[in-house]
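Engineer: need a structure here:
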Amino acid sequence: MDIQKAFVKDNDMASIRCPKCEIVKDIDVGKFRNNKHTLKTRCRCGYVFAIALEFRKHYRKPTNLEGIYTLTGPPSNGGGRMQIQNISRSGVGFTISGLHNIHVGQKASLSFTLDNKKQTKIVKEVIIRTIRENAIGCEFLDQGDLGKDLGFYLRP
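Structural biologist: Residues are numbered from 1 along each chain as shown. Next comes the predicted model:
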């Protein structure tokens with residue numbers, strides 16, 4: 001079954017395009033915001049396909065970048081190597097190996113190099129927002145100062 005990704009706008013509307021006949025329809029998906037994110041739908045042409053709803057504010061770029069994290073806000077001990085799995089205008093998701101003492105709400109400094117032509121070195125201050133075993137989700141503390149190279153890197 002085909003799975004189409006649909007980005008949800010601020011007004012909870014998503015534009016759905018049938019992969020067979022390419023008819024586009026705007027639908028209200030607000031009732032699914034904190035719930036189900038993949039829906040099975042049938043187009044008026046009869047074709048059945050799945051829709052993966054994307055409620056994020058910013059495009060998330062999949063990556064495989066190595067870097068270093070250092071915990072900076074209470075408690076501020078620890079750090080190590082990380083693998084950045086994805087990055088957006090508002091934050092990053094990374095994984096680490098082994099045991100860790102990272103907690104939601106802690107602050108950290110991330111240092112990594114983009115895989116662009118310039119090999120741009122990025123240093124960003126973040127706050128930890130989610131932890132799922134060794135997968136850590138962070139939000140940039142200063143989202144207004146993304147930087148030209150990182151902004152260009154994140155263009156879809």
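
Engineer: shouldn't Asp149 be within a helix?
Structural biologist: Yes. Assessed by DSSP: H, G, I helix; E, B strand; the rest coil, Asp149 belongs to a helix.

Engineer: would you quantify the distance from the closest residue to it other than its chain neighbours to Cys45?
Structural biologist: In space, and not counting its chain neighbours, Asp149 is closest to Thr120: 4.2 Å by CB to CB, 6 or more residues apart in numbering. Glycine gets a C-beta too; all of them are placed from N, C-alpha and C. The spacing between Thr120 and Cys45, counted by CB to CB, to the nearest Å, is 46 Å.

Engineer: can you give the contact residues for the lowest-mean-pLDDT helix or strand in the chain?
Structural biologist: Every helix and strand of the chain was ranked by mean pLDDT, DSSP states H and E. The lowest is strand 3-7, at a mean of 79. With CB atoms under 8 Å, 6 or more residues apart in numbering as the contact definition, strand 3-7 has outside contacts at 14-17, 19, 29, 38, 49-54, 56.

Engineer: of all those, which comes closest to Gly98?
Structural biologist: Proximity of these to Gly98 (CB to CB) peaks at Arg56, which lies at 28.9 Å.

Engineer: neighbour count: Thr120 and Cys45, which is higher?
Structural biologist: Legend: neighbour count by other CB atoms under 10 Å for Thr120 and Cys45, higher for Thr120 (16 against 10).

Engineer: how near is that one to Ser88?
Structural biologist: Applying CB to CB to Thr120 and Ser88 gives a distance of 17 Å.

Engineer: again with Asp12
Structural biologist: 20 Å.

Engineer: likewise for Glu22?
Structural biologist: 28 Å.

Engineer: by contact count, what packs against the host helix or strand of Ala50?
Structural biologist: According to DSSP states H and E, Ala50 maps onto strand 48-54. Judged by 3 or more CB pairs under 8 Å, 6 or more residues apart in numbering; DSSP states H and E, strand 48-54 is in contact with strand 3-7, strand 13-17, strand 38-42.
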